[in-house]
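Asks: this one's structure only:
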């Protein structure tokens, strides 16, 4: 627990620097180990904020455990480096991995990008999925014209993963970058985030125990 609290404090202290110097702040945040990864059987469990180190950590774990078929996202507030997160999402799709949310999973922002990368995507009732507009700290996504080139990488990604760009535009207008919209079951079904009907809660625990409980609470309440 102490280890993870210290990580969170480091992130919270550094985040205000983003408004002063985005590039420097991203480099600084990428120096922290912000993601926990654990493999149990054919499942890889992931918890934490996503940065450049997440890609290497997840890929190394999968390559060391070729039996892994499903990435279970437990709690994630999003990504420090969005393009690195999209690269990891593409790795998940290219390697034909599935993704899963437990009934008490809580993922937001870039964590949702990882989830939609799964070939088969399953969600237990009660899982929380948060979306909002991205920002470049000059403008929110919703402030750019729909034809702006700033949208293109995200449109292409969403089309690749979900077959259309509809979900991307939903996230752009669902909430501002400093807010969060927690999706309803109807919205999850509308945009095809799951490839199967919502599942009843399995009651399966995560490998992260008490750390997960406290971190999930932080993700939802922040």
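Replies: Nice, thanks for sending it over. Computed from a predicted model, the values in this text were never measured in an experiment.
Asks: so the most centrally placed residue in the chain, which state does it fall into?
Replies: Centroid-nearest residue in the chain, with CA atoms, centre = their mean: residue 111, separated by 0.4 Å. On the three-state scheme (DSSP: H, G, I helix; E, B strand; the rest coil), residue 111 is labelled helix.
Asks: got the contact list for the spatially closest residue to it that is not a sequence neighbour?
Replies: Once flanking residues are discounted, residue 111 sits nearest to residue 76: 3.3 Å by CB to CB, 6 or more residues apart in numbering. From N, CA and C alone the C-beta is placed, and that goes for glycine too. Contacts for residue 76 (CB atoms under 8 Å, 6 or more residues apart in numbering) come out as 46-50, 106-108, 110-111, 114, 219.
Asks: out of those, the closest to residue 162 would be?
Replies: residue 114 (13.4 Å; CB to CB).
Asks: helices or strands next to the helix or strand harbouring the closest one in the packing?
Replies: Using DSSP states H and E, residue 114 falls within helix 110-116. Packing partners of helix 110-116 (3 or more CB pairs under 8 Å, 6 or more residues apart in numbering; DSSP states H and E): strand 70-76, helix 82-94, strand 98-108, strand 128-131, helix 152-162.
Asks: make a markdown table out of these and add mean pLDDT and distance to residue 193.
Replies: A markdown table is the format used below for the helices and strands packed on helix 110-116 (pLDDT from 0 to 100; distance: least, CB to CB, whole Å):
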| stretch | mean pLDDT | distance to residue 193 |
| --- | --- | --- |
| strand 70-76 | 97 | 12 |
| helix 82-94 | 94 | 13 |
| strand 98-108 | 98 | 9 |
| strand 128-131 | 98 | 7 |
| helix 152-162 | 97 | 8 |
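Asks: CSV please, covering the ones you listed and showing distance to residue 57.
Replies: Compiled in CSV, the helices and strands packed on helix 110-116 are given as follows (distance: least, CB to CB, whole Å):
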stretch, distance to residue 57
strand 70-76, 12
helix 82-94, 10
strand 98-108, 17
strand 128-131, 23
helix 152-162, 21
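Asks: residue 54: which of the ones you listed is closest?
Replies: Per CB to CB, nearest to residue 54 of the helices and strands packed on helix 110-116: helix 82-94, 6.4 Å.
Asks: contact partners of the closest one?
Replies: So helix 82-94 is contacted by 50-52, 54-55, 58-59, 71, 79, 99, 110, 113-114, 116-119, 134, 153, 157, 160-161 (CB under 8 Å, 6+ apart).
Asks: again, but for stretch 203-212
Replies: With CB under 8 Å, 6+ apart, stretch 203-212 has contacts from 1, 4, 36, 38, 40, 45, 47, 72, 74-75, 102-103, 215.
Asks: run the last query once more with 10 Å
Replies: 1-5, 7, 36-40, 43, 45-48, 72, 74-75, 100, 102-106, 124, 213-216 (CB atoms under 10 Å, 6 or more residues apart in numbering).
Asks: about what we covered before: figure out which of the helices and strands packed on helix 110-116 is closest to residue 198.
Replies: Once the helices and strands packed on helix 110-116 are compared by CB to CB, strand 98-108 is nearest, at 9.7 Å.
Asks: in its sheet, what does the closest one sit against?
Replies: strand 70-76 (parallel), strand 121-123 (parallel), strand 128-131 (parallel) (DSSP bridges).
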